[in-house]
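> give me a model of this one.
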Amino acid sequence: MKTAFHTMTCALLLASFTSASAADQGVPVTPDILLSHIRRNAEETPVHPRMQWLDNGRRVLISTVTTQAQAGAGRGQFAEYVPLSYLQRTVDVRTGATTDIGVGYDPVVAAHADVIAYHPEGSGGGRLIVARSGGTATCEVSVSELMPDTTGIEAVALAANGGRIAVAVGYGAARFAAPAAAPTNGAAVRVLEAAAPEVWGHNVAVWVLDEHCGDARRIADLPETRIGRMTWADQDRKIVAATATPVPGKGFPRSDLHLFDPATGQESVLASNIGGQGAAFLQAAPVGPYVAFTYDKEGLGYQLRKQFAIASIADGRIHVVSTDPRERPRWLDERTVLADISGAHPLTRRLATVDIEGRETELPGIPANALPSPDGRRLAWLDIDLYGGASLSVADLRKASGVWKASPRRQIWKADPPLASYARAERRFVRCESTDGVRPEAILVLPLNHDPRRRYPLIVDLHGGPRGGLDGGSHGAYTPGTILSSSSLEHDMWAAKGYAVLVADYRASGFYGFDAVSRTGEAYAQDFNDIMCNVDAVIRDGVADPDRMAVIGHSYGGYEVNWIITHTHRFKAAISKEGGFADHMAGWGAGARTNQLATTLYGTPIDNPDVYRRMSPINFTRGVTTPTMFVSHRGGALPGDLYGWMYAAWREQGVDAQYRIYDDPNHVLIGEADQRDQLNAAINWIDRYLMPERAEVVDETP
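Below you'll find the predicted structure:
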């Protein structure tokens, strides 16, 4: 990519997305402040799509999320910072008046009525509150009274007029549930004789209740499956649900769309094998027997192709509408949907109208997260900047000469950045052009009190997933720092120490199209090019010192670190955390389950062993020079960890290395002492090689 192009792009994006008032003010973030913030679960960030229209377009429901560290159910289970609570408020789009409803989880609304339903105690709990937008509860559903052996509520849908409630309730245990190890002649052993079982399989029942939570009817039972999303359709006469059914030995379930008729109790499959995303978005047309849903025409087990389709409830026909990458279809009228043109972060995505024949027109000036009102006459959206500050805007929408146009935006509600008391470093979007024309995105976090005449040591921070891209979800305004995987304040901590941080995306996130990932058969090599082109861009712009760079990554980002440090000598330090699949031959079948992402892209290593060898960093360790800290969690979520092998290879060649193994079964460290130890060790490791004058002199060699 040419330097001039990069500079122009950064300037344009900086003007749009940087909050100058937030930058470089307040208390600098120290390690103690970061750890204290994480333990308090203090951050509240409005998160789309927790914004929904209700009451015929008169009000918008906004949910503000806080997060909490939650461990997995047992050794080997993933743990993340998950939503703790949703503080709900409604905003009148005419006056801007707000009404706080209180704490709730996973709210759903009735598009044409003043009705909200939410979980009062937590996602997947056993209670459901039905209320008005003023917060007054009208009734409550306790699923234990419906079914004594329930495992909780899986999905809820309100009819558009608020008159009926559909509730999907999990119960029992399906045959796929993994048996516990049982003593055999004094030995605790678990024997697998077939494909590896899944641990979350159970059954689901669909219930329909009236608006007063009465007249409960059980209309359908689906064995050995789960329901992720559900909607009323065909003018509230039918129910469509997206199911996920575990497939033994596979890393991802099979997803289908089921159709239920509450009047007759009839159930049928509307669309089968729709892809690993499991209808990540599902919405019924305002008029007519149609639903729009995310879809993969080949039923790929991993969400890399981002398309959507329209299904006819009347005759079952499926019509693939969009190109790739397009996602989140939501109806404007009976023939037109809005869709996102994918980007790695919500602020870089664009919005387009797409008719049912696939004709697409971009809608300039409106963010991609805009939601149309039930009558299609207004758009509302949350503008969330890179500091967590948010505002709610609306615009009128009209169709003239067959083209949809939006009026100038009107801001009706604003929330200040939740962490404004801290010194937040200036942030910029960066986008370069990779070797084959793909334009990967990144977020550049500048050091506090940045001097444009100086170059700074650079930390390249690589997210996991890889599907999340740069979107932070419940973590905040964008993907969190990878050392603790909890908050973007981690980047402000580095900035306060004088580092620049480049939070880089890469094509494996899926936001640049399936073809960009699959066409070469060399995903890691292409990801490497994507990452390094943005590194080179910030060097050319005079921000980064090319002689003082480090790379860090967690999970899939750790895999990327392994590849980078075995293919370049440009980095002076590295931290690879919970990403120990250095040999993809071994990683493909780790945990007695096949890796569906790898199988989708490359076939199996049984058939294509040479491809897997070419993708394995373990085969490129001769001559490595980058001092590296390897971090894994004992019994954690990633079987097949080969960090011990890599640590030995580094030491054998006289290269500094450290291998830290935490006695924590989770993919993200949960214990306070472990978090503090990991953070301080990471800081000292990076300082030692990039800012040796600041590093502690500590001999941690085993």
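> where along the stretch 451-600 of the chain do the helices fall?
Taking DSSP state H, counting those that start in this stretch as the criterion, the stretch 451-600 of the chain carries its helices at 489-496, 514-518, 523-540, 556-565, 584-588, 596-602.
> so which of these is nearest T294?
Minimum separation from T294 across the helices of the stretch 451-600 of the chain (CB to CB) falls at helix 514-518, 13.1 Å. No exception for glycine: its C-beta is placed from N, CA and C like everyone else's.
> TSV please, covering the helices of the stretch 451-600 of the chain and showing mean pLDDT.
What follows is the helices of the stretch 451-600 of the chain, written out as TSV (pLDDT from 0 to 100):
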stretch	mean pLDDT
helix 489-496	96
helix 514-518	85
helix 523-540	95
helix 556-565	95
helix 584-588	81
helix 596-602	78
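> want to throw these into a markdown table with mean neighbour count and distance to Q678?
Listed next are the helices of the stretch 451-600 of the chain as a markdown table, based on neighbours: other CB atoms under 10 Å; distance: least, CB to CB, whole Å:
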| stretch | mean neighbour count | distance to Q678 |
| --- | --- | --- |
| helix 489-496 | 26 | 11 |
| helix 514-518 | 20 | 31 |
| helix 523-540 | 22 | 23 |
| helix 556-565 | 27 | 13 |
| helix 584-588 | 21 | 23 |
| helix 596-602 | 20 | 27 |
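> and the helices in the stretch 601-702 of the chain, which stretches?
609-614, 643-652, 672-690.
> any chance of the ones you listed in TSV, with mean neighbour count and mean pLDDT too?
Formatted as TSV, the helices of the stretch 601-702 of the chain follow (neighbours: other CB atoms under 10 Å; pLDDT from 0 to 100):
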stretch	mean neighbour count	mean pLDDT
helix 609-614	15	91
helix 643-652	18	94
helix 672-690	19	96
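> nearest to G580, out of these?
Closest among these, using CB to CB: helix 643-652, at 4.3 Å.
> picking that back up, present the helices of the stretch 601-702 of the chain as CSV; the columns should include distance to T625.
Output for the helices of the stretch 601-702 of the chain, formatted as CSV (distance: least, CB to CB, whole Å):
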stretch, distance to T625
helix 609-614, 22
helix 643-652, 10
helix 672-690, 11
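> quick one: secondary structure of R439?
In three-state terms, and counting by DSSP: H, G, I helix; E, B strand; the rest coil, R439 is coil.
> distance of it relative to R349?
According to CB to CB, to the nearest Å, R439 and R349 sit 13 Å apart.
> higher neighbour count, these two?
Counted by other CB atoms under 10 Å, R439 and R349 do not tie: R349 has more neighbours, with 21 against 16.
> quick one, phi psi at the more buried one?
phi -80, psi 150 (degrees, to the nearest 10).
> now do the helices in the stretch 201-350 of the chain.
Assigned helices in the stretch 201-350 of the chain: none (criterion: DSSP H, counting those that start in this stretch).
> now do the strands in it.
Along the stretch 201-350 of the chain, the stretches classed as strands by DSSP state E, counting those that start in this stretch are 203-210, 217-222, 226-233, 238-245, 254-260, 267-271, 282-284, 290-295, 307-312, 318-320, 326-333, 336-341, 350-355.
> buried deepest among those strands, which one?
strand 290-295 (a mean of 27; mean count of other CB atoms under 10 Å).
> quickly run through the sheet partners of that one, with directions.
Strand pairing for strand 290-295, using DSSP bridges, gives strand 282-284 (antiparallel), strand 307-312 (antiparallel).
> mean pLDDT lowest for which of the ones you listed?
Taking each of the strands paired with strand 290-295 in turn, the lowest mean pLDDT turns up on strand 307-312, with a mean of 88.
> now do that strand against strand 350-355, angle only.
30 degrees (axes from the mean of the first three to the mean of the last three CA atoms, to 10 degrees).
> between strand 307-312 and strand 326-333, how big is the angle?
Counting by the same axes, to 10 degrees, strand 307-312 lies at 40 degrees to strand 326-333.
> hmm, who's touching strand 307-312?
257, 270-271, 274, 281, 289-297, 317-329, 337, 339, 356 (CB atoms under 8 Å, 6 or more residues apart in numbering).
> about what we covered before: out of the strands paired with strand 290-295, which gets nearest to R688?
Closest to R688 of those, according to CB to CB: strand 307-312, at 47.0 Å.
> bridging residues for the nearest residue to R217 once chain neighbours are set aside?
The shortest distance from R217 to any non-neighbouring residue, by CB to CB, 6 or more residues apart in numbering, is to V208 (5.2 Å). When bridges are called by DSSP bridges, V208 pairs up with A166, R217.
> thought V208 was touching P262?
Yes. Assessed by CB atoms under 8 Å, V208 is found in contact with P262 at 4.8 Å.
> and A263, what does it touch?
With contact set as CB under 8 Å, 6+ apart, A263 has these partners: R237.
> if we go to 7 Å?
Listed by CB atoms under 7 Å, 6 or more residues apart in numbering, A263 has no contact partners.
> tell me the pLDDT of it.
You'll see A263 listed with a pLDDT of 95.
> now it. Its backbone dihedrals?
Backbone torsions of A263, given as degrees, to the nearest 10, read phi -70, psi -40.
> with G57 instead?
When read as degrees, to the nearest 10, the backbone of G57 gives phi 80, psi 10.
> the closest residue to G468 other than its chain neighbours: what's it in contact with?
Leaving aside its chain neighbours, G468 sits nearest to T479 (6.3 Å; criterion: CB to CB, 6+ apart). Residues near T479 by CB under 7 Å, 6+ apart: 463, 468, 470-472, 503.
> which ones among those residues lie within strands?
Among the contacts of T479, DSSP state E puts V503 in strands.
> E357 - how many residues pack around it?
Neighbours of E357 using other CB under 10 Å come to 8.
> mind telling me what element it is part of?
Taking DSSP states H and E as the definition, E357 sits outside all helices and strands.
> quick one, grab the pLDDT at it.
Reported pLDDT at E357 in the predicted model: 86.
> can you check E198 too?
For E198, the predicted pLDDT is 50.
> same thing with the one 3 residues further on?
At G201, the pLDDT value in this model is 62.
> over to P49?
We have a pLDDT of 43 for P49.
> then R593?
At R593, the pLDDT value in this model is 64.
> distance between stretch 314-330 and the chain's centre?
22 Å (CA atoms, centre = their mean, to the nearest Å).
> what's the mean pLDDT across that stretch?
Averaged over stretch 314-330, pLDDT sits at 87.
> same question, stretch 422-429
94.
> export it as PDB, just CAs?
Presented in PDB, the C-alpha positions along stretch 422-429 are these (Å, rounded to 0.1, in the frame of the first residue of the first chain):
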ATOM      1  CA  TYR A 422      -8.900   7.600  33.100                       C
ATOM      2  CA  ALA A 423      -6.400   9.000  30.600                       C
ATOM      3  CA  ARG A 424      -7.600   7.300  27.400                       C
ATOM      4  CA  ALA A 425      -5.100   7.200  24.600                       C
ATOM      5  CA  GLU A 426      -5.900   8.600  21.200                       C
ATOM      6  CA  ARG A 427      -7.200   5.900  18.800                       C
ATOM      7  CA  ARG A 428      -7.200   5.800  15.000                       C
ATOM      8  CA  PHE A 429      -8.500   3.300  12.500                       C
END
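> how far off centre is it?
Centroid separation for stretch 422-429 versus its chain: 22 Å, with CA atoms, centre = their mean.
> go on, stretch 317-334?
Here stretch 317-334 is found 21 Å from its chain centre; the criterion is CA atoms, centre = their mean.
> before we move on, the earlier item: out of the helices of the stretch 601-702 of the chain, which gets nearest to R89?
Distance to R89, taken as CB to CB, is lowest for helix 672-690 among the helices of the stretch 601-702 of the chain, at 31.9 Å.
> and the closest one, what does it pack onto?
Packing partners of helix 672-690 (3 or more CB pairs under 7 Å, 6 or more residues apart in numbering; DSSP states H and E): helix 31-40, strand 544-554, strand 573-577, strand 657-662.
> residues making contact with it?
For helix 672-690, contacts defined as CB under 7 Å, 6+ apart pick out 31, 35, 38-39, 457, 459, 483-484, 548, 550, 572-573, 575, 627, 629, 631, 658, 660, 662, 664, 669, 694-696, 698.
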